[in-house]
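1. This is the structure alone, sequence omitted:
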């Protein structure tokens, strides 16, 4: 007897599950319900459509109901909202939104792929027509139509995560002044603070006004303008605002059907992606997953895992017994001219989980310096002790970031160590990399720490009384240095090392950590306790760059929103 499979929700997870089911079982009856008009669209492309980077709206449509029906023989019903599940009868109650009619459909297996909804706090003025969220194509149409007709000059973006930063960039492309309000002390909470500081500096240079460690407590309208009141007491004047403060798993159906909800608020599933009802599966942004590095429940709403989950559910319904191994959070984001990427766990997550770890910072170029166009990357690699298993990586840069984060993602996913990174044979030609790729360099640097060849320190761990030596050139030192540092260039160290005290720890830094490592090796062989400060002056600058937000230019950017329109 052919199975009857009902899928609630399309886009990445639901549409992938439907297509895979058909490829595996031609006889199955497959019904896909979608309450919106579109079953499969590129929701990650929506900000770029608003910014007119993607010119044609139809390019966002990955699959239409008609094409899906023709190719896969899927019964697609758009404008149809599943409002109730009767688990005992194995039925769903469906509301036809166009006809305002309710009917019942039976299922043998049910797949829930309802996604997540933008968080919308219950604060005064939140329902103003000048305040928007972005989840789907109709949302994008509404924002684009408002910009086209109203020609806004200033926009406030509430939230500095993925959507918030993408919207800020694309509002700038539409000619608006933009302010970002973020309740944390950094944008991109999936980064550690010192890496996020690199984004703060870049956003500042792109004329984005930042309010960090602040929050919007309410909105009001006056004279066709919108005013956002902040927790700090400041009031920002603008023409429109976008809420990008995160998403919440859509669990309404599951809760009504008395299905188990996880500790994080997502639908709880097992390794086969079954809910507490073995005939009901759940996938995508609505579910609680296992963080594959931290080994604990997490909410990680990403398109790649959702697609993979859809395929796995289809396999399991067809009797293949495939397990979902968890999500490690590999992601990448364009922020104006920068690329930011991450995979695995952050330092703050590992610290909270009580994991013993070490870290290393590198600042290599994306390819050899003698080939034109080399761009610096900033890399943070976190690994455990003593094995050296890679736990997390964060990269901020321009060209070459995407290539390296994918290599690190594979390394984490397969349980590789930093010693393994040394052995990777990666493609090299001058336009693309170097003979010792940044991934190999990360392995060398981390392995040196673990085997004792390198003894390192980190700026945040230095005591105020620490002896710090700058081993850069005279011009580099005069261009900026760590306060209180002694200056002895590395090439003079063999002649001047006797100037250093023999009874103190010597902490050395250069620009990125290579010269200080060389100097530390020399001094240690002379019997001096010398340590190289990981990442050098580049990491120091990243840690202290938030001071830019206190400067005159930053205040001028904020004044654009505080002095009215």
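-> Ah, there it is. Note that the structure is a prediction, hence the values are computed from the model and not measured.
2. So which residues of the stretch 101-250 of the chain form strands?
-> When assigned using DSSP state E, counting those that start in this stretch, the strands of the stretch 101-250 of the chain occupy the ranges 101-106, 109-112, 116-118, 131-132, 154-158, 177-182, 208-212, 216-222, 225-230, 235-238, 240-243, 247-249.
3. Could you check the pLDDT of the residue lying closest to residue 195 once chain neighbours are set aside?
-> Once flanking residues are discounted, residue 195 sits nearest to residue 394: 4.8 Å by CB to CB, 6 or more residues apart in numbering. The way it works is simple: take the backbone N, C-alpha and C, and place the C-beta from them, glycine included. Residue 394 carries a pLDDT value of 98.
4. now residue 37
-> pLDDT at residue 37 comes out at 85.
5. Go ahead and confirm it touches residue 76.
-> No: counting by CB atoms under 8 Å, residue 76 is not a contact partner of residue 37; they are 11.1 Å apart.
6. Which one of those two is surrounded by more residues?
-> residue 76 (24 against 14; other CB atoms under 10 Å).
7. bridging residues for the more buried one?
-> On the basis of DSSP bridges, residue 76 is bridged to residue 32.
8. now it: how far from residue 32?
-> Plainly put, residue 76 is 5 Å away from residue 32 if you go by CB to CB, to the nearest Å.
9. and for these two, which residues touch both?
-> The contact sets of residue 76 and residue 32 overlap at 10, 39, 68 (CB atoms under 8 Å, 6 or more residues apart in numbering).
10. Relative to residue 486, how far out is the residue nearest to the first one when sequence neighbours are not counted?
-> In space, and not counting its chain neighbours, residue 10 is closest to residue 39: 3.5 Å by CB to CB, 6+ apart. Remark: distance between residue 39 and residue 486 (CB to CB) = 66 Å.
11. Same check on residue 449?
-> From residue 449 across to residue 486, the span is 24 Å (CB to CB).
12. who has more neighbours, those two?
-> The residue with more neighbours, out of residue 449 and residue 486, is residue 449; 20 against 14, by other CB under 10 Å.
13. I'd say the more buried one and residue 456 touch.
-> Yes: under the criterion of CB under 8 Å, residue 449 makes contact with residue 456 at 5.7 Å.
14. Buried ones in stretch 176-196, by neighbour count?
-> 176-184, 186-196 (16 or more other CB atoms under 10 Å).
15. what number of residues lie near residue 159?
-> When neighbours are counted by other CB under 10 Å, residue 159 registers 26.
16. so it makes contact with residue 246?
-> Yes: using CB under 8 Å, residue 159 is in contact with residue 246, at 6.7 Å.
17. Most neighbours among the shared contacts of residue 76 and residue 32, please name it.
-> Counting by other CB under 10 Å, top hit in the shared contacts of residue 76 and residue 32: residue 10 with 29 neighbours.
18. Contact partners for it?
-> Counting by CB under 8 Å, 6+ apart, residue 10 touches 18, 32, 34, 38, 39, 40, 76, 113.
19. mind redoing it with 7 Å?
-> Contact analysis of residue 10 by CB atoms under 7 Å, 6 or more residues apart in numbering lists 32, 34, 39, 40.
20. gap between residue 317 and residue 274?
-> 10 Å.
21. With residue 286 instead?
-> Remark: distance between residue 286 and residue 274 (CB to CB) = 14 Å.
22. Let me know the pLDDT of the closest residue to residue 501 other than its chain neighbours.
-> Of all residues not flanking residue 501 in the chain, residue 467 sits nearest, at 7.1 Å (CB to CB, 6+ apart). Residue 467 carries a pLDDT value of 95.
23. Touching, residue 159 and residue 182? I think so.
-> Yes: if you go by CB atoms under 7 Å, residue 159 and residue 182 touch, sitting 6.4 Å apart.
24. sorry, back to before: wait, the residue nearest to residue 501 touches residue 504, no?
-> Yes: judged on CB under 7 Å, residue 467 makes contact with residue 504 at a distance of 5.2 Å.
25. who's more crowded, those two?
-> residue 467 (16 against 12).
26. and residue 465, what does it touch?
-> So residue 465 contacts nothing (CB under 7 Å, 6+ apart).
27. What about residue 461, how many residues nearby?
-> If we define neighbours as other CB under 10 Å, then residue 461 has 11 of them.
28. where does it sit relative to residue 480, distance-wise?
-> On the measure of CB to CB, residue 461 and residue 480 end up 21 Å apart.
29. and if you look at residue 173?
-> 33 Å.
30. ok, those two, which is more surrounded?
-> Set residue 173 next to residue 480 and count neighbours by other CB under 10 Å: residue 173 wins out with 15 against 10.
31. From residue 147, how far out is that one?
-> In terms of CB to CB, residue 173 sits 11 Å off from residue 147.
32. again with residue 226
-> According to CB to CB, residue 226 and residue 147 sit 14 Å apart.
33. the more surrounded of those two?
-> Higher neighbour count among residue 226 and residue 147: residue 226, with 24 against 21, using other CB under 10 Å.
34. list the buried ones in stretch 354-363?
-> Buried, per 16+ other CB under 10 Å, within stretch 354-363: 355, 357, 358, 359, 360, 361, 362, 363.
35. List the contacts of residue 19.
-> So residue 19 contacts residue 72 (CB under 7 Å, 6+ apart).
36. Phi first, then psi, for the residue nearest to the spatial centre of the chain.
-> Centroid-nearest residue in the chain: residue 331, 4.9 Å away (criterion: CA atoms, centre = their mean). Main-chain torsions, residue 331, degrees, to the nearest 10: phi -150, psi 160.
37. on that earlier part again, looking at the shared contacts of residue 76 and residue 32, which are in helices?
-> Among the shared contacts of residue 76 and residue 32, the residues falling in helices (DSSP state H) are residue 68.
38. I'd like to know which of the shared contacts of residue 76 and residue 32 is nearest to residue 90.
-> residue 10 (21.6 Å; CB to CB).
39. Test my guess that residue 194 contacts residue 542.
-> Yes: if you go by CB under 7 Å, residue 194 and residue 542 touch, sitting 5.0 Å apart.
40. Can you tell me the SS state at residue 352?
-> helix (DSSP: H, G, I helix; E, B strand; the rest coil).
41. Give the full set of residues in contact with it.
-> Contacts of residue 352 (CB under 7 Å, 6+ apart): none.
42. got it, and residue 243?
-> Under the contact definition (CB under 7 Å, 6+ apart), the residues listed for residue 243 are 118, 120, 131, 133, 158, 159.
43. Grab the two from these that are most spread out in space.
-> 131 and 159 (12.5 Å).
44. just to revisit the earlier point, just the contacts of residue 10: which are in strands?
-> Using DSSP state E, 32, 34, 40 are the members of the contacts of residue 10 that sit in strands.
45. Just give me the neighbour total for the first one.
-> Right, the one you point to is residue 32. Residues near residue 32, counting by other CB under 10 Å: 29.
46. now do the last one
-> Around residue 40 sit 24 other residues, with neighbours defined as other CB under 10 Å.
47. before we move on, what about the second one?
-> Counted with other CB under 10 Å, residues neighbouring residue 34 total 24.
48. which residue sits closest to it, ignoring its sequence neighbours?
-> residue 10 is the one closest to residue 34 (CB to CB, 6+ apart), at 4.5 Å.
49. what does the model give that neighbour for pLDDT?
-> 80.
50. all numbers from here: first residue = 59
-> From this message on, residue numbering opens at 59, which makes the last subject residue 68.
51. What does it show for phi and psi?
-> For residue 68, the backbone dihedrals are phi -110, psi -120 (criterion: degrees, to the nearest 10).
52. And the strands in the stretch 409-558 of the chain?
-> Using DSSP E, counting those that start in this stretch, strands in the stretch 409-558 of the chain cover 415-420, 436-442, 448-455, 514-515, 525-528, 544-545.
53. That'll do, ta.
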